[in-house]
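# With the sequence up front, the predicted model follows.
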Amino acid sequence: MTRAICLCAAAIALLGIISGPAVADYFGAPWCAVVSAGDGDMQWTCEYRSIEECRPNVLAGNRGWCHPNPYFVSADVPAKRGHSRKHHARAQ
C-alpha cells in the first residue's frame, strides 16, 4: 500500500514538472472590441488580429468601438540595421 502511494505521488510530481504553466492569454491580439454592457460598464474583448476582424462584432447592433489593445506586445523583431561605415578621404 505504501508503495502505491509513493508511485502515485511520484507520478503527480513528474506531471507537475513536465507540464508548463497554464497561461490565459486574454491580451494576445492587437485589437479589442469595446462594448457598452450597460450602467456605464465597458466590456473589452481582445481577440481580434485586425481592425477588419473587429468591426463586424461592434457594428452588429452593439454599442461600442474597436480599440488597439493597450497590453499587446508584438512578437515581431525589428529588422536589424547594419552598421554603416563612413569612408573618409585620406590625405596623400
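Received the coordinates, thanks.
# From here on, just use CA atoms for contacts and neighbour counts.
Fine.
# Quick check: what element follows the lowest-mean-pLDDT helix or strand in the chain along the chain?
Across the helices and strands of the chain, mean pLDDT, DSSP states H and E gives its lowest value to helix 2-18, namely a mean of 64. Sequence order places strand 31-38 as the next helix or strand after helix 2-18, per DSSP states H and E.
# Now that following strand: buried residues?
Buried residues in strand 31-38, counted by 16 or more other CA atoms under 10 Å: 31, 32, 33, 34, 35, 36.
# Check stretch 52-69 too.
Those would be 54, 55, 57, 58, 64, 65, 66, 67, 68, 69, for stretch 52-69 by 16+ other CA under 10 Å.
# Sort the buried residues of strand 31-38 by pLDDT and name the bottom one.
Within the buried residues of strand 31-38, residue 36 has the lowest pLDDT, namely 83.
# Verify the contact between that one and residue 43 for me.
Yes - contact criterion CA atoms under 8 Å: residue 36 and residue 43 qualify, at 6.3 Å.
# Isn't residue 65 up against residue 57?
No - checked against CA under 8 Å, the pair residue 65 and residue 57 is beyond contact range at 9.0 Å.
# Need the overlap of contacts for those two.
With contacts taken as CA atoms under 8 Å, 6 or more residues apart in numbering, the residues that reach both residue 65 and residue 57 are residue 33.
# Done for today, thanks.
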